[in-house]
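> 3D, please:
(chains A and B)
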2 protein chains.
Amino acid sequence: MELAFPTTPHADLEPLAFLLGTWKGVGRGEWAGGEPFRYGEEITFEHVGEPYLLYAQASWSSEDGSPVHFERGFFRPAGPGRAELVLAHPLGIVEVAEGAVRGTTIDLNSTTVAFTTTGSPVTELRRRIEVDGDVLRYRLSMATADVPLAYHVQGQLTRA
Amino acid sequence: MELAFPTTPHADLEPLAFLLGTWKGVGRGEWAGGEPFRYGEEITFEHVGEPYLLYAQASWSSEDGSPVHFERGFFRPAGPGRAELVLAHPLGIVEVAEGAVRGTTIDLNSTTVAFTTTGSPVTELRRRIEVDGDVLRYRLSMATADVPLAYHVQGQLTRA
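Prediction:
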């Protein structure tokens, strides 16, 4: 028996269905007074017929194509107007975030950020994701053990 | 510029290189006195030239192919004989785990398990992964808010 799942999204996913698909675009960011940077990016939101979305993000240097960052996790509807995110980062970080869904705008604030012994000491993350038709824009702020909450990255992607 | 990464694994990945590849097989489990269950499973460990592995797991019912579980995250070498895992589960859980690498056996104990408001109240996870050539075996124990640490699932997969 191979993996077989419904092609129709689970009914509970309807409030997040505007995210479904593969998105490609560019982003830019800055951190702690360092040089601003730019990157290419691809984000996918998939469903498997269950009440969650599989989320995968990859980004790479606009200069040489080398990997910049990856994120892997799951978005979950959590009742009327609410969403949850559980996420792992290759920097040795996990993130639990919750927040509001208003139309096609999601605001998520971390409720837990934890890291490994050799991981990056991130302490807080805030994300806004806005979809306008086939355009997705996001903006992320971050705090670490050394740096108070500050703007970090933003991007604009188009549904493939 | 598209994503471009080295085909040779990062030197720091050498102690975990035995995991690389796509693994397919079957698993079985039980929980809290419920009926034993069986599932098909695929696990992939990929590298992108950086000092971590991208890890993805999918499992599905042996009876009807419906999705059972997914895991998405990253394995990290963490100095001589040590490894770290950061992971997200669609049940609304994140996991940080650390432990020993002895040859091709990895033992990981969770250091943080956190969950969303509507997520499953998992409190502890312990994993053993053993590779013998092209065969991977794993065994996982779990504790929740209601159930003390107990054996949950095990599987045996073959490198594709």
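> can you give me the helices in chain A?
With DSSP state H as the criterion, chain A has no helices.
> So A:Phe74 sits against A:Glu50, correct?
No: counting by Cβ atoms under 8 Å, A:Phe74 stays clear of A:Glu50, with 9.6 Å between them. From N, CA and C alone the C-beta is placed, and that goes for glycine too.
> all strands for chain A, in order.
With DSSP state E as the criterion, chain A has strands at A:21-29, A:37-47, A:53-61, A:67-77, A:82-89, A:93-102, A:105-115, A:122-132, A:135-144, A:150-159.
> Tell me which of the ones you listed approaches B:Glu14 most closely.
strand A:67-77 (18.7 Å; Cβ to Cβ).
> what about that closest one and chain B, touching?
Yes: on the criterion Cβ under 8 Å from any Cβ of the partner chain, strand A:67-77 is in touch with chain B at A:67, A:70, A:72-74, A:76.
> still on that earlier bit, for B:Gly40, find the nearest of the strands of chain A.
Nearest of these (Cβ to Cβ): strand A:53-61, 17.6 Å.
> what's the closest of the strands of chain A to B:Thr116?
strand A:82-89 (4.0 Å).
> re earlier: just name the most buried of the strands of chain A.
strand A:82-89 (a mean of 25; mean count of other Cβ atoms under 10 Å in any protein chain shown).
> Please compute how far that one lies from its chain's middle.
8 Å (Cα atoms, centre = their mean, to the nearest Å).
> tilt between that strand and strand B:82-89?
160 degrees (axes from the mean of the first three to the mean of the last three Cα atoms, to 10 degrees).
> Sheet partners, orientation included, of strand A:82-89?
strand A:67-77 (antiparallel), strand A:93-102 (antiparallel) (DSSP bridges).
> how far does the shortest one sit from the chain's center?
Taking the mean C-alpha point of strand A:93-102 and that of its whole chain, the gap between them comes to 9 Å (Cα atoms, centre = their mean).
> Kindly report the same for the longest one.
For strand A:67-77, the distance from its own C-alpha centre to the chain's C-alpha centre is 5 Å (Cα atoms, centre = their mean).
> angle of it against strand A:122-132?
Our comparison of strand A:67-77 with strand A:122-132, counting by the same axes, to 10 degrees, yields an angle of 70 degrees.
> Mind exporting the C-alpha coordinates of strand A:67-77 to PDB?
Output of strand A:67-77 as PDB, limited to C-alpha atoms (Å, rounded to 0.1, in the frame of the first residue of the first chain):
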ATOM      1  CA  PRO A  67      22.000  28.100   0.500                       C
ATOM      2  CA  VAL A  68      20.900  30.800   2.900                       C
ATOM      3  CA  HIS A  69      18.100  29.300   5.000                       C
ATOM      4  CA  PHE A  70      15.500  26.500   5.200                       C
ATOM      5  CA  GLU A  71      12.400  26.100   7.200                       C
ATOM      6  CA  ARG A  72      10.300  23.000   7.500                       C
ATOM      7  CA  GLY A  73       7.100  22.600   9.500                       C
ATOM      8  CA  PHE A  74       3.300  22.700   9.600                       C
ATOM      9  CA  PHE A  75       0.600  25.400   9.700                       C
ATOM     10  CA  ARG A  76      -2.600  24.400  11.500                       C
ATOM     11  CA  PRO A  77      -6.000  26.100  11.600                       C
END
